[in-house]
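Asks: here is the input, now give the coordinates:
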Amino acid sequence: MVNTRISVLIADDSDRKTERVKSVIFESLKDRAGIEVMTTTSVADAMQLLSVHDFDLLVLDLFLPLKPGATADRQGGVRLLTEIQRYARLRPPSYIVGLTAHRELESKYSEYFDSDGW
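Replies: Sure, this is the predicted structure:
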């Protein structure tokens with residue numbers, strides 16, 4: 001067993017999808033000790049968490065509300081990526097995985113995940 005702590009932030013406004021992602025993470029990393037998973041449903045809340053926690057992995061819904069309780073925004077996930085790059089107070093995670101249920105967004109935003117900046 002590897003004793004490395006893994007910290008994950010899931011930013012998704014769908015409870016069902018969040019639970020599925022958590023299940024996959026725990027199953028994939030079951031041999032690791034100390035898996036910490038935090039969740040958020042908006043860009044604003046994700047930014048707040050990224051300003052005070054060091055995450056190894058960010059699982060990011062691309063179609064994410066900008067503020068809690070708001071409607072999901074097509075630019076939400078990309079906005080969060082831009083904010084992470086722009087502000088030193090936000091602690092960039094080691095890895096970022098983008099998710100979307102909207103197939104038309106996959107190719108449109110793949111460049112944000114294929115760049116050397118991540």
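Asks: give me the number of neighbouring residues for the residue nearest to Arg5 when sequence neighbours are not counted.
Replies: Nearest in space to Arg5, with sequence neighbours left out and distances taken as CB to CB, 6 or more residues apart in numbering, is Gly34 at 3.8 Å. C-beta here means a position set from N, CA and C on the backbone, and glycine is covered the same way. Using other CB atoms under 10 Å, Gly34 has 10 other residues around it.
Asks: correct me, but Gly34 touches Ile6?
Replies: Yes: applying CB atoms under 8 Å, one finds Gly34 in contact with Ile6, separated by 6.9 Å.
Asks: intersection of neighbour lists for those two?
Replies: Common contact partners of Gly34 and Ile6 (CB atoms under 8 Å, 6 or more residues apart in numbering): none.
Asks: what's the helix or strand containing Val78 packed up against?
Replies: Element membership for Val78 (DSSP states H and E) is helix 76-86. Here helix 76-86 touches helix 43-52, strand 57-61, helix 103-114, going by 3 or more CB pairs under 8 Å, 6 or more residues apart in numbering; DSSP states H and E.
Asks: what's the least confident stretch among those?
Replies: Of all these, mean pLDDT reaches its minimum on helix 103-114 (a mean of 64).
Asks: any idea how far Gln48 lies from Val24?
Replies: From Gln48 across to Val24, the span is 25 Å (CB to CB, to the nearest Å).
Asks: check Ala88 too.
Replies: Taking CB to CB, one finds Ala88 at 32 Å from Val24.
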